[in-house]
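Q: give me a model of this one.
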Amino acid sequence: MSATAVAPRPHGLRRRRLTVLLALLAAVAVAVVLSVTIGSKSVPLADAWHALTAPTGTENDIVIRSLRLPRTALGILAGLALGVAGALMQGHTRNPLADPGLLGVTQGAAFAMVSSIILLGASSLLTSIWYGLAGALVASVAVFALGMAGGRGGPTPVTLALAGTAVSALLYALTSTIVLLDEQAMDVFRFWQAGSIASRGADVAWQVLPFVLAGLVLAVANAPGLNALSLGEDVARGLGQNVSRTRAVGVAAVTLLSGAAVAACGSLAFVGLIVPHLARPLSGTDHRWLLPFSGLIGAALLLVADVVGRVVAPPGELEVGVVLALLGAPFFVALVRRRKPVRL
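A: Sure thing, here's the model as predicted:
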């Protein structure tokens, strides 16, 4: 058999990837429709369209425009951010079990939010989000700085993982101490820890949007360098890549994306872990395709999980973080028990 008979054709591969990309966009569109129309009060599709295009102040218009639409927009942003951040994190650490929380982002946001309540008297959700984002950024910088210590060539996957674990453990201990001493901080932390996109107005989505966009721009710029790093650091340097700069850009992208998502929505477990594994069979190892595939799958997964949470326990609802944990835990176990481990 000739080599041309077995080698993949670039044009055919690109066409297949474009087809999958369109299918994922369609899946996100379907998830958006479900998110807008399904809930404790179901809204017919025609009424939802009327509320978006020509509102007249009816009850359905208010439900769609004031509650469902901001919730859906935030779900898209959070899912997109966490999906891309997860793919970046697994690529940079070369660890199939890594997720964005490995940089200390989640615990940094939690510690900053509960500290702002005790020390600064922050009471509104919008104010707490800003403190949470700042805490996520500071924690990731601390992890990156610790990862660089003791090495001349910048942080390595191992040092980043060790530093992230240490910083996360410290921040979790400090956060637990604070919430045990203050009832208001406990209430905020408990609600935030569950992970939710409900009860967030449109202003929350607008606040996190610039950080998500900046993180996506950095992620796109980081994809070629990450492809080179996947061949090994020595090969990447031989190809002219600045390994330290590539890692710094990747960490900055992960920080902005996951920091914005967790500050606004709380701890959304397993999205950053699961999504890259769902995207990789569709995209291959090329991060120029893996990142957008992961983002779209993340957005669709989070919206669908939120819809499931609305209908499984009427008349109340389960927080989306709880639903994601219920879906993600079996996947995590199956991933660990695979006979053929994932190689990155």
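
Q: got the buried residues for stretch 106-125?
A: Neighbour counts over stretch 106-125 (16 or more other C-beta atoms under 10 Å) mark 106-117, 122, 125 as buried. For glycine as for every other residue, the C-beta is placed from the backbone atoms N, C-alpha and C.

Q: got JSON lines for the residues you listed, with secondary structure too?
A: Converted to JSON lines, these look like this (DSSP: H, G, I helix; E, B strand; the rest coil):
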{"residue": "106", "secondary structure": "helix"}
{"residue": "107", "secondary structure": "helix"}
{"residue": "108", "secondary structure": "helix"}
{"residue": "109", "secondary structure": "helix"}
{"residue": "110", "secondary structure": "helix"}
{"residue": "111", "secondary structure": "helix"}
{"residue": "112", "secondary structure": "helix"}
{"residue": "113", "secondary structure": "helix"}
{"residue": "114", "secondary structure": "helix"}
{"residue": "115", "secondary structure": "helix"}
{"residue": "116", "secondary structure": "helix"}
{"residue": "117", "secondary structure": "helix"}
{"residue": "122", "secondary structure": "coil"}
{"residue": "125", "secondary structure": "helix"}
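
Q: tell me, how many residues neighbour the residue nearest to residue 233 when sequence neighbours are not counted?
A: Nearest residue to residue 233, sequence neighbours excluded (C-beta to C-beta, 6 or more residues apart in numbering): residue 243, at 5.4 Å. For residue 243, the tally of surrounding residues (other C-beta atoms under 10 Å) stands at 18.

Q: equivalent analysis for residue 234, please.
A: When neighbours are counted by other C-beta under 10 Å, residue 234 comes out with 9.

Q: got a pLDDT number for it?
A: Predicted confidence (pLDDT) for residue 234: 80.

Q: return the set of buried residues in whichever helix or strand it is part of.
A: Taking DSSP states H and E as the criterion, the element that holds residue 234 is helix 233-238. Of all the residues in helix 233-238, those buried under the rule 16+ other C-beta under 10 Å are 233, 236.

Q: name the helices or strands packed onto it?
A: With contacts taken as 3 or more C-beta pairs under 8 Å, 6 or more residues apart in numbering; DSSP states H and E, helix 233-238 sits against helix 202-229, helix 243-265.

Q: tell me which residues of the shortest one are tucked away?
A: For helix 243-265, a neighbour-count test (16+ other C-beta under 10 Å) marks 243, 246-265 as buried.

Q: isn't residue 35 up against residue 303?
A: Yes. Residue 35 is within contact range of residue 303, at 4.7 Å (criterion: C-beta atoms under 8 Å).

Q: out of those two, which sits in the busier spot?
A: A count of neighbours by other C-beta under 10 Å puts residue 303 above the other of residue 35 and residue 303, at 27 against 23.

Q: number of nearby residues for residue 307?
A: By other C-beta under 10 Å, 22 other residues sit near residue 307.

Q: pLDDT score for it?
A: The score at residue 307 is 94. That number is its pLDDT.

Q: what's the helix or strand where it lies packed up against?
A: Using DSSP H and E, residue 307 falls within helix 287-311. Applying 3+ C-beta pairs under 8 Å, 6+ apart, one finds that helix 287-311 contacts helix 10-37, helix 69-93, helix 202-229, helix 271-283, helix 320-336.

Q: any chance of these in JSON lines, with mean pLDDT and distance to residue 176 too?
A: Conversion of the helices and strands packed on helix 287-311 to JSON lines gives the following (pLDDT from 0 to 100; distance: least, C-beta to C-beta, whole Å):
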{"stretch": "helix 10-37", "mean pLDDT": "92", "distance to residue 176": "34"}
{"stretch": "helix 69-93", "mean pLDDT": "93", "distance to residue 176": "24"}
{"stretch": "helix 202-229", "mean pLDDT": "92", "distance to residue 176": "26"}
{"stretch": "helix 271-283", "mean pLDDT": "91", "distance to residue 176": "23"}
{"stretch": "helix 320-336", "mean pLDDT": "83", "distance to residue 176": "18"}
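
Q: could those go into JSON lines alongside distance to residue 101?
A: Shown next, in JSON lines, are the helices and strands packed on helix 287-311 (distance: least, C-beta to C-beta, whole Å):
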{"stretch": "helix 10-37", "distance to residue 101": "24"}
{"stretch": "helix 69-93", "distance to residue 101": "9"}
{"stretch": "helix 202-229", "distance to residue 101": "15"}
{"stretch": "helix 271-283", "distance to residue 101": "7"}
{"stretch": "helix 320-336", "distance to residue 101": "13"}
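
Q: follow-up on the earlier one: Throw the helices and strands packed on helix 233-238 into a markdown table and include distance to residue 295, thanks.
A: Putting the helices and strands packed on helix 233-238 into a markdown table (distance: least, C-beta to C-beta, whole Å) gives the following:
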| stretch | distance to residue 295 |
| --- | --- |
| helix 202-229 | 8 |
| helix 243-265 | 9 |
